[in-house]
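Undergrad: What would the 3D arrangement of this be:
(chains A, B and C)
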Amino acid sequence: MSKITIFRQACKGVEDCGICIFVCPKQVLIGSDEMNEVGYLPPQVKDESLCTGCQNCMISCPDFSIVVEKDASKPAAERGEEDG
Amino acid sequence: MSVSAHPFRRYMRNHVTRTTTCPGCGNGIITQAILRAIDELGLDMDDFIFVSGIGCSAWIPSPLFAADTLHTTHGRPIAFATGIKLCLPEKNILVASGDGDLAAIGGNHLIHAARRNIDMTVVLVNNGIYGMTGGQTAPTTPRGLTTITSPHGTLEHTFDICAMVAAAGASYVTRWTTYHPRQMTRSIKKAIVKKGFALVEAISQCPVQFGRAAKLGKAVDMLKHFKENSIRIDKARNLDEEALKGKIVVGEFVDIEKAELASEWARLKQEVMEV
Amino acid sequence: MGRGKKIMTGTHFMMGNLACAEGAIAAGCEFVSGYPITPASEVVNRLAKRLPEVGGIFLQTEDEIAAICSAIGASWAGQKALTATSGPGISLMQENIGFAVATETPLVIVDVQRLGPSTGAPSVGLAGDMVQVARGSHGDYQIVALCPESPQEMFDLTVRAFHLAEKYRVPVFLLADAFVGHMREQVIIPEEKQLEIESRKIPKGGNDPMDRQDFLSVDVAPMPVFGRGFKAHVTSSCHDEHGMRNLSDPEVMHRYISRPIDKILNHRDDIIQVEADYSGASIVLVSYGTVGRSARAAAHLAQAQGLRTGNVRLITCWPFPDREIRQVAESVDFIVVLENNRGQLYPYIKAEAAHACRIELLGPETLGQIHDPEYILARIREMIK
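TA: Reported below is the predicted structural model:
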């Protein structure tokens, strides 16, 4: 299983950003109403088991707030990495 | 076991803990594409000199990147970078700045750096508007769009920066949007490796200014717009002007090899001194 | 022809602009950028040929803005850099002259002044940029500017301009004019060991600017030039000692403005050169640049006619030699300021002199023409009548 880490303090919130949720092909991430220390609402992981490890959220996060460690046992095609 | 920090933190200055952009700004996506390209090429930050101008996207390398960074006056980063490259030809020079900075006030330097084919990578962030100063019309603003300084809609035609830089003689010219971070990363890698002037035009979302002016909504709405309206150059070639209206043509426009200025200077000095 | 001689030691009959170019090469300059402009073109024309012979680069830019920007870039890349132009080019460069000031960048800017305002008369000299070189960029700052009176000084003061630029990490002007730029005269180029050549200090090491003081030292901070792993952060925006931008702390803003000014003013005795010859005089002619030649001739004429007349020539015009002028004013009765303009340094000179002696401005009979010594003498006689 891929591992998702969210650096909540670096995030600028899903209200005005939310790019991670938009680019996830499996709806792994959802909003939350728990503020970080500067008042933004970072996303939360709904179901990590759905994550294919495509890293779309990590690559598209403007604030370096998400890291997805791929499940190395799965081939790239299965992880669903694709160009937009 | 989860990671304790983003892997690209190692490319950033320790004391700079946050990006400087508004929520949902495309600059961060482009920042990451630049760092990912450097990472995947196996290069060190000390192999680079980063130069930027004035405007939101000029803050991509400065103060974030743990490297030599030069934050210049408005419009002039390419002119500064030209002097740096000629004196440090073994270093990679990467200029990151906006459309207003590089294509409006600094347009002349962009043209002539491309003409000289001096080896540098220019990541030109095009958000179609002046973001930092409050949403004024840019040369890249779509014709007809209402902005702070074009309250009745801009009457002017939109600047095709890639076409201009290609015509001026650059070695590598490409355009992607922030909906294409993987392609953008690949293109930045090619641009860095390319011996010559390389332009990566990065169409980016400014949800705060452009999104409001164009009534496109928030960051994700703008990314959706990029997704739906981007068209590959190979497909665009077969379409007429009408069909291309409102479309963003993406892909590689130029990818050639030609004599490069800093190497030509090295050759010339050798020749003159050995005669 | 082989590798070009770096220093053309010997006695030459040489045009001022070419002597300037040779001075740059002798000082170790290896990057020059410029845009063609009368009456400064010969400086870059010569350097375009000479630089590759000594391992340097000449870049002809698309405009003067690119010329100064690429020269500043070259300086940060570790090279001694120069750009040469005339008044219209200086006008275009002003914003980035401020950049060089704010980032404490060593750089030599040659201004071969011509008659203006605006496009004016390109090949006619007029000291029209005396104030714009020192006060023309926005914000508050001090500048160093040297004024040659001869082709020999075009060489000597170009070498000195590099010396001061490197020593104090500042842009330095060589403030010539069309007359001295195009004048041909004997120029003696000394041997290398007789030249005072300075190179900037760089930090001893460290790869984090937060551990160093790269900027804002009145005693000149070592310059973290690019390409050596210093990870320098360079911005002309308000910054602290580490070079990090700070747009919120008034104390930092105060230091950002004051320290580079104090760096120059605290070392003014080392920077300022004034040629003074007025012992026993009651009248002193104060001049600078080309006009100094007429002033000297006029003083001789006056002395021959029994007028106790002396001479003071400002070789350094900026920082302004205030104490030197005050000293003159307090020992003579009358100062006549000779300038080839309608009085650009006159207000500064008057401010230091008017409390102690009479002071008048005397331009040439026709602006843009060299002061005729007989005319100077005749006017002095009228003034003291």
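Undergrad: Would you map the helices across the stretch 1-150 of chain B?
TA: B:27-41, B:77-87, B:99, B:107-116 (DSSP state H, counting those that start in this stretch).
Undergrad: Other residues contacting the shortest one?
TA: Translated: helix B:99. Here helix B:99 makes contact (C-beta atoms under 8 Å, 6 or more residues apart in numbering or on different chains) with B:124-128, B:138-140, B:159, B:161. C-beta here means a position set from N, CA and C on the backbone, and glycine is covered the same way.
Undergrad: returning to that earlier point: highest mean neighbour count out of the helices of the stretch 1-150 of chain B?
TA: Per-stretch averages of neighbours, counted by mean count of other C-beta atoms under 10 Å in any protein chain shown, single out helix B:77-87 among the helices of the stretch 1-150 of chain B, with a mean of 30.
Undergrad: Which of the contacts of helix B:99 fall in strands?
TA: B:124-126 (DSSP state E).
Undergrad: Export those residues as JSON lines, with columns for pLDDT.
TA: Below are the ones in strands among the contacts of helix B:99 laid out as JSON lines (pLDDT from 0 to 100):
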{"residue": "B:124", "pLDDT": "98"}
{"residue": "B:125", "pLDDT": "98"}
{"residue": "B:126", "pLDDT": "98"}
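Undergrad: and of those residues, the nearest to chain A?
TA: Comparing these against chain A with C-beta to the nearest C-beta picks out residue B:125 as the nearest, at 12.0 Å.
Undergrad: a markdown table please, covering the helices of the stretch 1-150 of chain B and showing mean pLDDT.
TA: Formatted as a markdown table, the helices of the stretch 1-150 of chain B follow (pLDDT from 0 to 100):
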| stretch | mean pLDDT |
| --- | --- |
| helix B:27-41 | 98 |
| helix B:77-87 | 98 |
| helix B:99 | 97 |
| helix B:107-116 | 98 |
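Undergrad: Strands of chain B, start to end?
TA: Using DSSP E, the strands of chain B run over B:48-52, B:68-71, B:92-98, B:120-126, B:129-130, B:136-137, B:172-177, B:197-203, B:230-232, B:248-255.
Undergrad: helix or strand right after the third one?
TA: From strand B:92-98 onward toward the C-terminus, using DSSP states H and E, the following helix or strand is helix B:99.
Undergrad: Any idea which of the strands of chain B gets closest to chain C?
TA: Across the strands of chain B (criterion: C-beta to the nearest C-beta), the nearest stretch is strand B:68-71, sitting at 3.8 Å.
Undergrad: is the closest one anywhere near chain C?
TA: Yes - Strand B:68-71 lies within reach of chain C by C-beta under 8 Å from any C-beta of the partner chain, at B:68-71.
Undergrad: for residue C:47, phi and psi?
TA: The phi/psi pair for residue C:47 (degrees, to the nearest 10) reads phi -70, psi -30.
Undergrad: mind listing what residue C:83 touches?
TA: C:32-34, C:64, C:67-68, C:71, C:93, C:107-110.
Undergrad: follow-up on the earlier one: among the strands of chain B, single out whichever gets nearest to residue C:294.
TA: strand B:68-71 (44.8 Å; C-beta to C-beta).
Undergrad: how far out from the middle of the chain is that closest one?
TA: 16 Å (C-alpha atoms, centre = their mean, to the nearest Å).
Undergrad: Need the mean per-residue confidence for that strand.
TA: The average pLDDT within strand B:68-71 is 98.
Undergrad: Can you verify residue C:172 is assigned to a strand?
TA: Yes - membership of residue C:172 in a strand is supported by DSSP: H, G, I helix; E, B strand; the rest coil.
Undergrad: The spatially closest residue to residue B:9 that is not a sequence neighbour: what secondary structure?
TA: Nearest in space to residue B:9, with sequence neighbours left out and distances taken as C-beta to C-beta, 6 or more residues apart in numbering or on different chains, is residue A:64 at 7.2 Å. Classification of residue A:64 by three-state DSSP places it in coil.
Undergrad: So what's the residue count around residue A:64?
TA: Counted by other C-beta atoms under 10 Å in any protein chain shown, the residues lying close to residue A:64 total 23.
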